[in-house]
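# pasting a predicted model and its sequence here:
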Amino acid sequence: MSAEYSRTDPNSDARPPINRSGFDFSTGIYSSVHQLTDHLKVPTDPNLDIASFVLSQFPHPHVAELKLALIDSTTKQQLTYAQLYRSIRSLSGGLYHLGLRKGDVVFLLSPNSLLYPIICLAIFSTGAILSPANPINTPSEIAKQVVDSGAKLVISTPEELHKFKRIRVPTIVTAHQSKNNGSLSIEELIECGEPHELPEINIEQSDTAAILYSSGTTGTSKGVILTHSNLITTARLVRCGITTVLMQRFDLQKMLNAIEVHKVNNIPAVPPVVLGLVKYGKGNSSLSTVRRIGSGAAPLSKELTEAFRAQFPWVELRQGYGLTESCGAATAFVRDEAAKAHPGSCGALLPTFRAKVVDTDTGLALPPYKEGELWLKGPAIMKGYLRNEEATIATLDKEGWLKTGDLGYFDEEGFLYIVDRIKELIKHNGYQVAPAELEAVLLSHPNVLDAAVIPVEDEDSGQIPMAYVVKESASQLTQEQVIQFVAAQVAPYKKVRKVEFIDAIPKSAAGKILRKQLILQTQNPIHSKL
């Protein structure tokens, strides 16, 4: 690397070696620096569905009879791989004989359970399309998704049935309950069904497998169309033959208990969970068996990463990046050494992905350390948005590049850094201020438990950054102290101008800050100005 090329300066014009960054100056495209091994290649058979692919990865039948696939940490119920296989085959046959056909959409409303993967894979086996929703969604949100997805069947837990009173779609409950009023249940279909009853169905990799709805934190929620090929591509990245411990609903203490009881060594987490472990897990022996935590769904700051590693030095903390539109994947760390050497990064491109960093003003593709909008391409990229051609055209260009809406850059070794959502950038006196950067600074304060930064309209400067802060209950921290703490660590144009203390930061189930709610709260006429 040339001496004048600064790895910390996004405005440097010097060019790093192509073989280290994966960047091709002739095309403006970044390729993965990871080798595409046979293990990661997408199967070429066009007549392959995600269920058949997943089932083909199960352990050998003799091992499957004994190897635990799933454990419910709440109910203590367990399933071996052999039991899981038989349940999927029984349920798929049962659903088919009830009339479920290829192309039919099934709306699923259920928390995590042993039944959840059985239901999903059984639906895929029939060629039907899965459209799941979060149980915390309101009846109106659920009704909108059922109608928008064109669902022909609803599968719901008995506890959530009341949310479908105004929806005239055939419904199956998940479990036996005396109050089912004679409703057919998934458990009954599994118990009564016979494996291998399903006739041969022609399912192609290009067929739609799922319609997932984006969180809608920056706009109206849209139905993301994912194909069997999209799901198979992502499934290639997941280790098979492991035992998964489920939690029906997240609770930090219950998670720690489950880790200790079941000797869990690998945890997927969102940044609020990592923050919770740092704030409340000090001296807790529950994490003694944990060797790796994979973080995603929202940015994990350099400061939080360093605080976690200092407290739990034996745990590998690896951040990844993906979107619903990229089937949850895009970048990751393969080795912990790389993650430690690139704090704040969310890893390098996975082998099946290519990327561009595009200047939002000129449309030009940018080299390493230049910030722009991240574009992605590869076999995991969605087919489009359901019945929304305008949004599809705005997000997918004619060559299949996905415009992520995220502002970021690659370094000279091909590692990605996400700065913020482009639409969430605060425009202050012509400068762009990233809320995520200020949130990372706020979270480094010893008395701050959580924080969110939003734009507030200002007549003189366009917009100013305002912080919502959750402080420790016993803390005497003042608003002015927060303002000064941030001002001492950032450029003058980035400093927080207003602060308000709040009991909790509103977030989605994935841990994303619901800035829209805070902006609406700020715009309320009764909101007090500092």
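Cool, got the structure.
# bridging residues for P465?
P455 (DSSP bridges).
# give me every residue that touches it.
Neighbour list for P465: 426, 428, 433, 435, 438, 453-456, 494-498 [criterion: CB atoms under 8 Å, 6 or more residues apart in numbering]. C-betas here are computed from N, CA, C, even on glycine.
# redo that, cut-off 7 Å
P465 sits next to 426, 428, 433, 438, 453, 455, 496-497 when contact means CB atoms under 7 Å, 6 or more residues apart in numbering.
# geometric centre of the chain: which residue is closest?
Per CA atoms, centre = their mean, the C-alpha nearest to the average position across the chain is that of A297, at 3.8 Å.
# you'd agree it is in a strand?
No: judged by DSSP: H, G, I helix; E, B strand; the rest coil, A297 forms no part of a strand; its state is coil.
# mind listing the helices for the stretch 1-150 of the chain?
18-21, 50-56, 61-64, 81-97, 115-126, 139-149 (DSSP state H, counting those that start in this stretch).
# deepest of those, which one?
helix 115-126 (a mean of 24; mean count of other CB atoms under 10 Å).
# tell me the mean pLDDT for that one?
The pLDDT scores in helix 115-126 average 98.
# ok, now stretch 172-185?
For stretch 172-185, mean pLDDT rounds to 76.
# now swap in stretch 234-248 and tell me
Confidence over stretch 234-248 (mean pLDDT, whole number) is 91.
# mind listing what's buried in that stretch?
Buried residues in stretch 234-248, counted by 16 or more other CB atoms under 10 Å: 234-237, 243-246, 248.
# mind showing which ranges of the stretch 151-300 of the chain have poor pLDDT?
178-182, 193-196, 215-220, 282-284 (pLDDT under 70).
# spell out the residue ranges of the strands in it.
Taking DSSP state E, counting those that start in this stretch, the strands of the stretch 151-300 of the chain run over residues 151-156, 171-173, 208-213, 223-227, 244-246, 266-269, 292-295.
# closest to F485 out of the ones you listed?
Set against F485 and scored by CB to CB, the strands of the stretch 151-300 of the chain come closest in strand 292-295, at 25.0 Å.
# circling back to that earlier point, F124 is nearest to which of the strands of the stretch 151-300 of the chain?
Nearest of these (CB to CB): strand 208-213, 5.8 Å.
# for the closest one, buried residues please.
Using 16+ other CB under 10 Å as the test for burial, strand 208-213 gives 208-213.
# quick one: which of the buried residues of stretch 234-248 is nearest V334?
When the buried residues of stretch 234-248 are ranked by distance to V334 (CB to CB), L237 comes first, at 10.7 Å.
# OK, contacts around the closest one?
Counting by CB under 7 Å, 6+ apart, L237 touches 40, 329, 350.
# in this structure V270 contacts G511, no?
Yes: the pair V270 / G511 is scored as a contact, 3.2 Å apart, by CB atoms under 7 Å.
# what do those two both touch?
297-298.
# ok, now how distant is R166 from V146?
10 Å (CB to CB, to the nearest Å).
# next one: G294
Distance from G294 to V146, counting by CB to CB: 32 Å.
# what's the answer for T234, then?
As for T234, its distance to V146 is 26 Å (criterion: CB to CB).
# tell me which of the strands of the stretch 151-300 of the chain sits nearest to Y116.
Y116 lies closest, by CB to CB, to one member of those: strand 244-246, at 7.9 Å.
# could you list the domains of this structure?
18-38+263-421, 50-235, 427-523 (automatic domain parsing).
# so can I have JSON lines of the ones you listed showing distance to L256?
Formatted as JSON lines, the domains of the chain follow (distance: least, CB to CB, whole Å):
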{"stretch": "domain 18-38+263-421", "distance to L256": "4"}
{"stretch": "domain 50-235", "distance to L256": "11"}
{"stretch": "domain 427-523", "distance to L256": "18"}
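# how about these, which one is nearest K254?
Nearest to K254 among the domains of the chain is domain 50-235; the distance by CB to CB comes to 7.1 Å.
# quick check: end-to-end length of that closest one?
End-to-end distance for domain 50-235, by CA to CA, to the nearest Å: 8 Å.
# just stretch 301-318 next, same as before
12 Å.
# now do K383, the pLDDT please.
What the model reports as pLDDT for K383 is 97.
# and the one 4 residues further on, by the same measure?
Turning to R387, the model gives it a pLDDT of 94.
# work out for me the element it sits within.
Per DSSP states H and E, R387 falls between elements, in no helix or strand.
# kindly export the host helix or strand of E337 (C-alpha atoms) in CSV.
Using DSSP H and E, E337 sits in helix 336-341. Extracted in CSV, the C-alpha atoms of helix 336-341 (Å, rounded to 0.1, in the frame of the first residue of the first chain):
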residue,chain,number,x,y,z
ASP,A,336,-12.4,-13.3,14.5
GLU,A,337,-8.9,-11.9,13.9
ALA,A,338,-10.3,-9.9,10.9
ALA,A,339,-13.2,-8.6,13.0
LYS,A,340,-10.8,-7.3,15.7
ALA,A,341,-8.6,-5.7,13.0
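# any idea of the mean pLDDT for that helix?
Helix 336-341 carries an average pLDDT of 88.
# so which elements touch it?
For helix 336-341, the packing partners by 3 or more CB pairs under 7 Å, 6 or more residues apart in numbering; DSSP states H and E come out as strand 316-319.
# how close does F250 sit to V448?
In terms of CB to CB, F250 sits 22 Å off from V448.
# between the two, which one's more packed in?
V448 (21 against 16; other CB atoms under 10 Å).
# which residue packs closest to that one, ignoring adjacent ones?
Nearest residue to V448, sequence neighbours excluded (CB to CB, 6 or more residues apart in numbering): L442, at 5.4 Å.
# and what of E424?
Leaving aside its chain neighbours, E424 sits nearest to P435 (5.7 Å; criterion: CB to CB, 6+ apart).
# since we're on that neighbour, how many residues are nearby?
Neighbours of P435 using other CB under 10 Å come to 24.
# next up, the contacts around L68.
With CB under 7 Å, 6+ apart, L68 has these contacts: 78, 80, 243.
# adding distance to A467, write those residues out as TSV.
Output for those, formatted as TSV (distance: CB to CB, whole Å):
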residue	distance to A467
Q78	46
T80	50
T243	42
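# would you say D450 is within a helix?
No: remark: D450 does not belong to a helix; assigned using three-state DSSP, it is strand.
# what bridges to it?
V470.
# relative to D207, how far out is it?
Per CB to CB, D450 is found 42 Å from D207.
# next: K279.
45 Å.
# who's more crowded, the two?
When neighbours are counted by other CB under 10 Å, K279 and D207 differ, and D207 comes out ahead with 20 against 16.
# so that one is in contact with T227, correct?
Yes: D207 lies in contact with T227 (CB under 7 Å); the separation is 6.3 Å.
# now do the contacts for the residue nearest to V448.
L442 is in contact with 448, 451, 467, 469, 486, counting by CB under 7 Å, 6+ apart.
# nearest to D336, of the helices of the stretch 1-150 of the chain?
Comparing these by CB to CB, helix 18-21 comes nearest, at 19.5 Å.
# which ones are touching Y431?
Applying CB under 7 Å, 6+ apart, we find Y431 in contact with Y493.
# ok, it to R515 distance?
From Y431 across to R515, the span is 19 Å (CB to CB).
# likewise for S125?
From S125 to R515 the distance is 40 Å (CB to CB).
# need the pLDDT of the residue nearest to V448.
Confidence for L442, expressed as pLDDT, is 94.
# same thing with the one 4 residues further on?
The predicted structure scores P446 at 92 on the pLDDT scale.
# let's see stretch 136-154 as PDB, backbone CA atoms only.
Only the C-alpha atoms of stretch 136-154 are listed here, as PDB (Å, rounded to 0.1, in the frame of the first residue of the first chain):
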ATOM      1  CA  ILE A 136     -46.800  -8.100  18.200                       C
ATOM      2  CA  ASN A 137     -48.400  -6.700  15.000                       C
ATOM      3  CA  THR A 138     -51.800  -5.100  15.500                       C
ATOM      4  CA  PRO A 139     -55.000  -6.500  13.900                       C
ATOM      5  CA  SER A 140     -55.000  -3.700  11.300                       C
ATOM      6  CA  GLU A 141     -51.400  -4.400  10.400                       C
ATOM      7  CA  ILE A 142     -52.200  -8.100  10.100                       C
ATOM      8  CA  ALA A 143     -55.300  -7.500   8.000                       C
ATOM      9  CA  LYS A 144     -53.400  -5.300   5.600                       C
ATOM     10  CA  GLN A 145     -50.700  -8.000   5.100                       C
ATOM     11  CA  VAL A 146     -53.200 -10.800   4.700                       C
ATOM     12  CA  VAL A 147     -55.000  -8.700   2.000                       C
ATOM     13  CA  ASP A 148     -51.800  -7.400   0.300                       C
ATOM     14  CA  SER A 149     -50.200 -10.900   0.100                       C
ATOM     15  CA  GLY A 150     -53.400 -12.500  -1.200                       C
ATOM     16  CA  ALA A 151     -53.300 -15.200   1.500                       C
ATOM     17  CA  LYS A 152     -55.500 -18.200   0.900                       C
ATOM     18  CA  LEU A 153     -54.900 -19.800   4.300                       C
ATOM     19  CA  VAL A 154     -54.000 -18.400   7.800                       C
END
